[in-house]
Structure formats: structure tokens, C-alpha cells
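Novice: sequence unavailable; structure follows:
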């Protein structure tokens, strides 16, 4: 459960796209005594971005030890992050890795940090850049450190120093430790434990597949090939063992399937393909799972006009003996959401060729088909979606159309966790700049609910926007619904509102009205990263306040578990507690906070997940409880505030809190996307997420798409926004003050 619009995700994506590869096996010049190259970069270090706003140099005046240090300086306010870094193979054995450095700061406005990142061949496994610590200002030399687990499958280690915005940072005496010892003293991994590049390079540059015109017979065969390819990927024991590069096997079989003229030849080709994978062992006993709440649909095997031999082969594979190990999929410990291992995102392919575009569709379709716990409630037949999108992916004429087609496909699963991340193309399509206004649809109108630019006196909170760059808001909504992933319509609207003022220009034109008078204004924009700087990084910690002597207010968006003990001394004797979950909690408080509210252990949620041995079968886990036997539990009323921004962990937290004896939920339907997320990497170097486990009430009631339904529905009004009245909060206060 995560907030995917926070600032730190943006930083991770920045590094993911901009890091430069070095081929060192040891980090070098960690004390910066070896000088700089002709561009000013310290030898053996590489810049994340080449920005004229930042200056990187060797400094002989300020150093901690030796003759010099490295200095990163920026004299103007900006939204960029400058980093210098190194990268080496992860050949060292250990459980943890630590980077330490002596740092000195002068007038740093945004943040600085040590960066430590660990990748496998395709994705980032661990990342920390100290941004959460908010280190800024002016400080003398001080040692800082970052520690992360060192996964066995790690292939590369990155270290770096970064500066965000205006200021100066000096760095000296960097060290890298593995299990608290200098990394050069650590044992080397055994050769068999070092992840190696796949020796098969046949299709690394091109799939060699080009389809100028897709015929109906070819469309039907590609539709079947997708299902067979995915079925074998997750059900055939030889694929599970990692014996094949399954992406490349697709490129080998696809031309044959495209060229066949009849079903007989097609089935013979596929049968031979399956047979060449090797023999299988039949499971000792059949897999009987009548209690599964969701089952894979294998009806296509028997109902499509396949040859007898092919049907027999596929059904044998269904009944094969499989282990809990699969090269392409594993389940997270305890939680058991899927982790899609060893999936290459082919980052260098901004616009993948036809074969790789088809691969993107096939990969995603099968991951949803077997591992999405809510496939049964997406709203349409997933088999129909496949057939509709094959020509769309084939005919996507450029990188823009490819990314938008992928986004439209992702939106089909109706999951607020789903979107596209890490795509510079999509950012450019939407616009890298944004006006400093927060908007929301209220009473079916697009309304200004907050201004980040307090100097802008022209636009006021409560103004209703009717056009953006001469396009009516209704038209923009209609054009964007199909490419806006979200679990329900309300959340789609909010996501559109979040993006509607994005542009690549320095200004954006809006038409709006106030008090029956229309206005037309050009509004200045700032970069998206700077916008999130203001919106998230620099929020004050206002997690608690007393509305009056009898009503306490908690805002989980800035709360920490460690605060609760002290805060509860102020809360426990109040008449009512308002918990405002119209945000994403900054700490996991579902169990810790509910423990204060409940008189005894109480069931509040159950989950569903699948297995590696039989993908697509989802079963309930045991029902989870929260709270414990307690005499001095909270006796006051508990009002929980929610809306469409109550997402994932916030929804889970609401479920844990709403079972308190005197609790009521106020507001409007939530985002309807609950459960730990799983990342999916696609050709083109971008990725998406899905809700990886099913979340249900103890009686089996759905939360996905439905959301948390409030006990008392209250929605903001334009009049309330204009007059600074939080109607949801006011309704909760009114209820608490009632004598009942």
C-alpha cells in the first residue's frame, strides 16, 4: 500500500532514467583526492543530469581530510536534482550495505542526501536517498549514512551525493561497508550466485517482427498464442526452472504462427513447440479447489477448435507436478502479493518494435489473467480486451501512441493503484509543468480548492473552471476517461482534476467564473517536481489539534506511531475523536491506533491470494483481527473522514478503525483500491502497479472498486469551499456534540 504521487517516487524515477553505467568492480576516488575531468566531474564519478544551474567542482578550501573535497553548488531556485554517482557490479556477499560520508551544507533550501540504490538486471530492488530526513540549511562537517538490505539477486550497486535546489554541499571521506566491514574485505559471491546477463542475445536489438497489415486469421491466432504463451510461462515446469528466455521464445514462434494458412498447420507448430519443452511429471493427485473465490478460465483450451493432440498436451501441463519456485514469479513473504521476477523492461526501447509491443500486451494480459485478485470485477471480459488491443498495439505509430495504448490497457482493470510510472514520454504528453492550483470536482463542477501560489490574487478558492486552453472541461473529461486508471468514476474524475492544468508551457490559460462573472486568465506554471515539493515535502506536522476542549482531531497524513502514546494522554478523556483519513497515512497506524479504540480483539478484514503451483486460483486467508481485551478503551465517539483520496493503506486503516464501538464514517466513497501493490515492468522502460492481494470485509464483502461506503454521506459544496467551510468535518463535529 503506497502513495504513488509523492515526491520521493519522482526522485526514484529520475535516478532510474538518468544513471550512467560504469564498469568498475570497485568504487574509486571516494575521498576525491584524484581530481576532476575536463568537465569538472570528479574522476570515476558521473553526473545524473547535465544542468547549467549546478556547478560541480573540486574544493581545496573546505575539506574534512586530505587536500580537497567535492562541491556541488546551485545559486538559483529550481526544481532539478543534481547528483554525482558511481556504479559497480554487486559481486560482494553480505546481508546489508552502508554508505557513509562527511557532508557540509551551506544555505541548502530543499534537501541533500547520500544516495544508495541496488538493482537487479531489470528493476530497482532497494533505494534510499535520505530525502525523508529533510536535511537542509547550513551545517558544519558531519557524518551521514544510509543502510539497506543487500538482496542476493542484486546485480548493481549505485552510490551518490545529491543536491536538490539552491545551496551548496561539500562531500568527503565516503566509505562503503558490507555487514559493517569495508566492502573490499567482504567475501565475493560464488560465481553461480552472481546474476549473469542472458547469453541469448538474438533479439536484443530487434524482435524482427513487422506486421504491415493484420488479417483476421492472424488476429485470431495471435489471440490464441498470447493465451498459450502465458499459460506455459506460469504452468510449465521447464519455464518455471528458468531454462528459457520466454520473451525470445515468443519471437521465435510468432513468425511461424503469423505465416500459417490453416488451423491444422498452426496446431502442429504449437504442439511441436510444447513437446520440445520436455517431458513433465503428472501430479500425484488432482488439484481440487472448489472453495476458491476466483479460478483461472481454461475454457479456451477445450472450446476452441484445437487439434486433439494439442488439447491433450495443454491439459497434461495443467495437471503437471509443480513446485513453489518459478523463475518469473514469486510471492512476497507473509503477505503473498506477486513479485514478477526477471522481467526485462527493455529501457533503451522508447518506441519498441512491433514484436516488443505485442510482448508488452501479452506480458501484461497474462499477469492480470493469473495474478490480479480482482479480475472478476473489472467490468468486462478480459478475453475480449485482449482481442481488442492486439491491433491497437500493432498499429501504434510512434512512442506517444504506444504509451497511450498501454495506458488505455492498464485503465481497463479499473484499479486506482494502476498507472504508468517512469515514462518521460507520458510526462511530456501530460505536461511537465503545472499551475499552482489544486482542483476537485464538486457538484459536478471543476473547483479550485487550494492555491499553492499565495501571491496569485486573480484566482480564488471556490472559483469554477469551465475551460482550459480553450477546451471545455466536459470535453477534456470525456477525452481522458478511457486513459485514466482508477477503480471508480469519482476517483477517475479526481485524477483528471490532478492533471488538467499540466502543460509544457510556462503559462496555461483558464476560463472560470465567480459570482456569475466570467474571467479569462493566463496562469504561470512551475515544474511538476517543484509542485510536489510545495505540496508534500514542506507540509508542516499538524497531525493533532484540539477542535475544542471536548473534541480531538488527528490527521494521519503527518502522524507517526511514536507520537500516539503522548497524544493519547490528550485524547482519552475527550467526548469525540475525529480521524481525518482524506489523505495517505505517513505511518502504518491501522493496528496501533485501533488498539486504543477497541474493548477486545475484533475481526475486521480478510485477504485473498493465489499460489505459485496453481496460478489464478485465489483463496481467502484467515480473517485478521485488531485490538485486544482492554477495560480503558476509548469511550467517546469516533468520526472517520473519507473521500476519493482515501486510498489503499488509508482504506485499510479505515476498516480497522470503523469497528470501534462508537465509530461512524463520514464523507464520500473512497478510491476503492486496497491491498499491497505489485509492480509490472513493460517494454519501453516504464512500469505499473496492481493491487496484489484481495481485501474483503470478514463477511466477504468487496472493497475493490466499491471503496469504503460512509455511514453518513457528506460531500463538499461550492458554497462551502468559497466560504472556507469543511462540511464533512462540520457534520462529524455536529454528530459528536449530539447527546445520543
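Specialist: In hand now; what should we look at? Note that the structure is a prediction, hence the values are computed from the model and not measured.
Novice: which parts of the stretch 401-550 of the chain are helices?
Specialist: Under the criterion DSSP state H, counting those that start in this stretch, the stretch 401-550 of the chain contains helices at 424-430, 473-480, 489-499, 528-532.
Novice: save those as a markdown table, and put in mean pLDDT and distance to residue 125 too.
Specialist: For every residue, glycine as well, the C-beta is placed using N, CA and C. Output for those, formatted as a markdown table (pLDDT from 0 to 100; distance: least, CB to CB, whole Å):
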| stretch | mean pLDDT | distance to residue 125 |
| --- | --- | --- |
| helix 424-430 | 94 | 22 |
| helix 473-480 | 98 | 34 |
| helix 489-499 | 96 | 29 |
| helix 528-532 | 79 | 24 |
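Novice: quick one, which of those helices is nearest to residue 358?
Specialist: Nearest to residue 358 among the helices of the stretch 401-550 of the chain is helix 424-430 (18.8 Å), distances taken as CB to CB.
Novice: helices or strands up against the closest one?
Specialist: Judged by 3 or more CB pairs under 8 Å, 6 or more residues apart in numbering; DSSP states H and E, helix 424-430 is in contact with helix 399-411.
Novice: what residues of the helix it packs on count as buried?
Specialist: Using 16 or more other CB atoms under 10 Å as the burial criterion, the residues of helix 399-411 that qualify are 399, 402, 403, 404, 405, 406, 407, 408, 409, 410, 411.
Novice: closest one of those residues to residue 95?
Specialist: residue 410 (35.8 Å).
Novice: ok, the closest one to residue 441 distance?
Specialist: Separation of residue 410 from residue 441 (CB to CB, to the nearest Å) stands at 22 Å.
Novice: distance check, residue 373 against residue 365.
Specialist: 16 Å.
Novice: please apply the same query to residue 582.
Specialist: 35 Å.
Novice: ends of stretch 238-251, how far apart?
Specialist: The straight-line separation of the ends of stretch 238-251 (CA to CA, to the nearest Å) is 18 Å.
Novice: buried residues, that stretch. List them.
Specialist: Neighbour-count burial for stretch 238-251, counted by 16+ other CB under 10 Å, picks out 238, 239, 240, 244, 245, 246, 247, 248, 249, 250, 251.
Novice: from those residues, which two are the most distant?
Specialist: 240 and 251 (20.5 Å).
Novice: if you rank every helix and strand of this protein by mean pLDDT, what lands last?
Specialist: Lowest mean confidence among the helices and strands of the chain (mean pLDDT, DSSP states H and E): helix 7-18, at a mean of 38.
Novice: any idea which of the buried residues of stretch 238-251 is closest to residue 662?
Specialist: Here the nearest of the buried residues of stretch 238-251 to residue 662, counting by CB to CB, is residue 240; it sits at 51.6 Å.
Novice: and stretch 129-149, what's buried?
Specialist: Buried residues in stretch 129-149, counting neighbours by 16+ other CB under 10 Å, are found at 129, 130, 131, 135, 136, 141, 144, 146, 148.
Novice: what does the average pLDDT come to for it?
Specialist: Taken as a whole, stretch 129-149 carries a mean pLDDT of 85.
Novice: same thing with stretch 376-391?
Specialist: Stretch 376-391 shows a mean pLDDT of 97.
Novice: check contacts around residue 459.
Specialist: Applying CB atoms under 8 Å, 6 or more residues apart in numbering to residue 459 gives the contacts 437, 448, 451, 510, 512, 521, 523.
Novice: let me know the pLDDT of it.
Specialist: pLDDT, residue 459: 95.
Novice: quick revisit: turn the buried residues of stretch 129-149 into CSV, columns for secondary structure.
Specialist: Below are the buried residues of stretch 129-149 laid out as CSV (DSSP: H, G, I helix; E, B strand; the rest coil):
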residue, secondary structure
129, coil
130, coil
131, helix
135, coil
136, coil
141, strand
144, strand
146, strand
148, strand
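Novice: what is the neighbour count of the closest residue in space to residue 723 that isn't next to it in sequence?
Specialist: Nearest non-adjacent residue to residue 723, counting by CB to CB, 6 or more residues apart in numbering: residue 462, 7.7 Å away. By other CB atoms under 10 Å, the residues close to residue 462 number 19.
Novice: show me what contacts residue 462?
Specialist: 447, 448, 514, 718, 721, 722, 723.
Novice: which of the residues you listed sit farthest apart?
Specialist: Taking CB to CB, no two of the contacts of residue 462 sit farther apart than 448 and 723, at 13.7 Å.
Novice: so which of those two has more stuff around it?
Specialist: residue 448 (24 against 10).
Novice: picking that back up, closest one to residue 696 among the helices of the stretch 401-550 of the chain?
Specialist: Of these, nearest to residue 696 by CB to CB is helix 489-499, at 19.3 Å.
Novice: and that closest one, what's buried?
Specialist: Neighbour counts over helix 489-499 (16+ other CB under 10 Å) mark 490, 491, 492, 493, 494, 495, 496, 497, 498 as buried.
Novice: domains in this protein, by residue range?
Specialist: In the domain annotation for the chain, the residue ranges read 7-187, 216-412, 426-533, 544-737 (automatic domain parsing).
Novice: just say which of these is most tucked in.
Specialist: Greatest average neighbour count among the domains of the chain goes to domain 544-737 (a mean of 20), per mean count of other CB atoms under 10 Å.
Novice: re the thing from before, among the helices of the stretch 401-550 of the chain, which comes closest to residue 275?
Specialist: helix 424-430 (41.2 Å).
Novice: what sits up against that closest one?
Specialist: So helix 424-430 is in contact with 17, 350, 399-400, 403-404, 407, 420, 499, 502, 504, 528, 684, 686, going by CB under 8 Å, 6+ apart.
Novice: got it, and stretch 447-454?
Specialist: Contacts to stretch 447-454, defined as CB under 8 Å, 6+ apart, come from residues 436-442, 459-465, 512, 524, 531, 534-535, 716, 718, 721.
Novice: report the rounded mean pLDDT for it.
Specialist: Mean predicted confidence for stretch 447-454 is 90.
Novice: which residues does the longest helix out of those in the chain contact?
Specialist: Criterion DSSP state H: the longest helix present in the chain is helix 216-235. With CB under 8 Å, 6+ apart as the test, helix 216-235 has contacts from 211, 239-240, 246, 249-250, 253-254, 257-258, 260, 266, 270, 274, 277, 298, 300, 304, 314, 317-318, 320, 322, 326, 328-329, 358, 361-362, 365-366, 369-370, 386-387, 390-391, 615.
Novice: change it to 7 Å
Specialist: Residues from elsewhere that reach helix 216-235, judged by CB atoms under 7 Å, 6 or more residues apart in numbering: 239, 246, 250, 254, 257-258, 260, 266, 270, 300, 304, 314, 317-318, 326, 328-329, 362, 365-366, 369-370, 386-387, 390-391, 615.
Novice: alright, calling it a day.
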